[in-house]
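J.: Fold the following for me, if possible:
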Amino acid sequence: MIELHNEDFYLVKDLIERKNKFRPEAIAVVDGNNPGWIFVDSKDNPITALIWCKGMEGFHLIGDCENNTFISGLNSFIDGYLVQRLKDVGFNDFEVSGDPGWEQTIEDVFSSRGLCVGKQIVYTFKKSDFNINQVSHVPQGFYLQSISNVLEKSKEYENIEFLLNIIESFWGTKTNFLSKGVGYCITTDKWIVSTAYTGFIAGSTYTIGIETVKDYRRRGFAELVAQEVKKAHMNLGANSYWDCMKDNVASYNLAEKLGFIKEYEYNVYWFSLNSKN
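T.: Predicted coordinates for the structure are as follows:
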């Protein structure tokens, strides 16, 4: 298996699904918008690829799901190379999904590794469906402001690393995020309590990510910042994409409250990196 350099990611641009139940997180890596790794069966003529999406903290399989040369070597590649690389950056589980058609192959190839499976729900908000939803007002003592504004005043916030870590994970650098994405925060005078942001960009589809500091959850802050990002995406002419676990009731309830429409579900799989094939 061969790892592509960033400048060679274009070699798999035609392998990835871009219309039917597509995954913008993986497309964003292929298109060079967001950081990740890509491994292929052959650099000369790749027909199957494994993509690591840093911000998603997981892998995605694309291309020919019956490529036996690639599939038969996948477990040995994980155990012989990826395990240590992932543990070096703090991961103890291998999470993977695939383009349409990959689910059975994933279940077969990892069947001996204690494979777990969960359902993800995808919601979208298309620019043609634009409307302004009523949201709560910002409480006294808190402020709604853009991420760019918060970054300009970064020394004022005691937990600025909370925001910087999110940006680094999804975008690699502040410059990359500020040149492509949008985001908003709820803050106090010295504390960032919640943020929503563009997570990945795949063509005209922009994903929404949300993080709220634990002590400030269930107070409506996520709704406030998510609404602002949705509006900002609309102003850019983009469709918003919302992806969450099926058992994350709070997340999909918020998506529906903000006017997002359920599009489809897909499987995500994971197993411990300590379980060898």
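J.: ok, longest helix in this structure?
T.: In the chain, taking DSSP state H as the definition, the longest helix is helix 221-235.
J.: Put the alpha carbons of it into PDB.
T.: Provided in PDB are the C-alpha atoms of helix 221-235 (Å, rounded to 0.1, in the frame of the first residue of the first chain):
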ATOM      1  CA  PHE A 221     -25.500  28.200  23.200                       C
ATOM      2  CA  ALA A 222     -25.100  25.600  20.600                       C
ATOM      3  CA  GLU A 223     -28.300  26.700  18.900                       C
ATOM      4  CA  LEU A 224     -27.100  30.300  18.800                       C
ATOM      5  CA  VAL A 225     -23.800  29.600  17.200                       C
ATOM      6  CA  ALA A 226     -25.100  26.900  14.800                       C
ATOM      7  CA  GLN A 227     -27.700  29.300  13.500                       C
ATOM      8  CA  GLU A 228     -25.100  31.900  12.700                       C
ATOM      9  CA  VAL A 229     -22.900  29.400  10.800                       C
ATOM     10  CA  LYS A 230     -25.900  28.200   8.800                       C
ATOM     11  CA  LYS A 231     -26.700  31.800   7.800                       C
ATOM     12  CA  ALA A 232     -23.100  32.400   6.900                       C
ATOM     13  CA  HIS A 233     -23.000  29.300   4.700                       C
ATOM     14  CA  MET A 234     -26.200  30.600   3.000                       C
ATOM     15  CA  ASN A 235     -24.600  33.900   2.300                       C
END
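J.: contact partners of it?
T.: 125, 127, 130, 132-133, 135-136, 138, 142, 144, 182-186, 193-198, 206, 208, 210, 212, 239-240, 254, 257-259 (C-beta atoms under 8 Å, 6 or more residues apart in numbering). In short, each C-beta sits where N, CA and C put it, glycine included.
J.: Try it again at 7 Å.
T.: Contact partners of helix 221-235, identified using C-beta atoms under 7 Å, 6 or more residues apart in numbering, comprise 125, 127, 130, 133, 135-136, 138, 144, 182-186, 193-198, 206, 208, 210, 212, 240, 254, 257-258.
J.: which ones among these are found in strands?
T.: In this view, the contacts of helix 221-235 that belong to strands under DSSP state E are 125, 144, 183-186, 193-198, 206, 208, 210, 212, 240.
J.: which stretches of this protein form strands?
T.: 2-3, 36-40, 48-53, 58-63, 93-98, 116-125, 143-146, 183-187, 192-202, 205-212, 239-245, 261-272.
J.: what about the nearest residue to residue 273 once chain neighbours are set aside, distance to residue 39?
T.: In this structure, residue 273 finds its nearest non-sequential neighbour in residue 83, 5.0 Å apart by C-beta to C-beta, 6 or more residues apart in numbering. Distance of residue 83 to residue 39, given as C-beta to C-beta, to the nearest Å: 14 Å.
J.: Contacts only, for residue 13.
T.: For residue 13, the contacting residues are residue 30, by C-beta under 7 Å, 6+ apart.
J.: same thing but at 10 Å, please
T.: 27, 30, 31, 32 (C-beta atoms under 10 Å, 6 or more residues apart in numbering).
J.: circling back to that earlier point, shared neighbours of residue 83 and residue 39, which are they?
T.: In contact with both residue 83 and residue 39: residue 77, using C-beta under 10 Å, 6+ apart.
J.: Looking at the two, which is more packed in?
T.: residue 39 (21 against 17; other C-beta atoms under 10 Å).
J.: Go ahead and confirm that one touches residue 63.
T.: No - using C-beta atoms under 10 Å as the test, residue 39 is too far from residue 63 to be in contact (11.3 Å).
J.: what sits in contact with each of the two?
T.: Listed as contacting both residue 39 and residue 63 by C-beta under 10 Å, 6+ apart are 12, 46, 48, 49, 50, 70.
J.: The last one is in contact with residue 47, isn't it?
T.: Going back to what we said before, that points to residue 70. Yes - using C-beta under 10 Å, residue 70 is in contact with residue 47, at 7.9 Å.
J.: how near is the closest residue to residue 33 other than its chain neighbours to residue 32?
T.: Leaving aside its sequence neighbours, residue 33 sits nearest to residue 201 (C-beta to C-beta, 6+ apart; 4.6 Å). Distance, residue 201 to residue 32, using C-beta to C-beta: 10 Å.
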